[in-house]
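1. Need coordinates for the below:
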Amino acid sequence: MFSDVYSAFKPQKLAIYYKFRYYICTAFKKMMYSGGTIMNVIENFITKYISDKHDYELVCDAAQKAIERLLNDAGIMAIPSARVKDVDRLREKLIDRNKKTPYHTQNLSG
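-> Below you'll find the predicted structure:
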């Protein structure tokens, strides 16, 4: 039963995940290649994240509803939860991640 749900759910889940991941990675890479210090890159990313947070919330809500519908259609009673990452926690994670695996910046403007 669970394998049927997983196989029915996986393509839709992956499509949403990869679109979201591509958007985040592309936005972050653009900021990294603009040059500047790592903290500027992180703060620029956070600024962009804040301005786009409503879009992330829409994607999050759509994904949650799709998951809930797929589970209910498969006869599995569940209340999936989803949330958009808090800005302060995201900043902490980016700074911590940079300590473990430093981000590299590259100035492509000249």
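
2. Please make it C-alpha for all contacts and neighbour counts, starting now.
-> Fine.

3. where does V84 land in three-state SS?
-> Three-state call for V84 (DSSP: H, G, I helix; E, B strand; the rest coil): coil.

4. Okay, it and D61: tell me how far apart.
-> V84 sits 9 Å away from D61, taking Cα to Cα, to the nearest Å as the criterion.

5. ok, how many other residues are close to K53?
-> 17 (other Cα atoms under 10 Å).

6. now do V41
-> 22.

7. Return the mean pLDDT over the longest helix along the chain, rounded to an integer.
-> Secondary structure assigned by DSSP state H gives helix 38-73 as the longest helix of the chain. Per-residue pLDDT over helix 38-73 has a mean of 88.

8. what's that helix packed up against?
-> Packed against helix 38-73 by the contact rule (3 or more Cα pairs under 8 Å, 6 or more residues apart in numbering; DSSP states H and E) you find helix 2-32, helix 87-100.

9. rank those by pLDDT, which is bottom?
-> Lowest mean pLDDT within these: helix 2-32, at a mean of 60.

10. what's near enough to touch E68?
-> Applying Cα atoms under 8 Å, 6 or more residues apart in numbering to E68 gives the contacts A78, I79, P80.

11. before we move on, what about D61?
-> Per Cα under 8 Å, 6+ apart, neighbours of D61: A82.

12. For it, give its distance to S81.
-> 9 Å.

13. what angle separates the longest helix of the chain from helix 87-100?
-> On the basis of axes from the mean of the first three to the mean of the last three Cα atoms, to 10 degrees, helix 38-73 is oriented at 120 degrees to helix 87-100.

14. Name all residues that make contact with E43.
-> R91.

15. and it, how far is that from L58?
-> From E43 to L58 the distance is 23 Å (Cα to Cα).

16. A66 too?
-> 12 Å.

17. ok, those two, which is more surrounded?
-> A66 (17 against 12).

18. From H54, how far out is that one?
-> Counting by Cα to Cα - A66 and H54 are separated by 18 Å.
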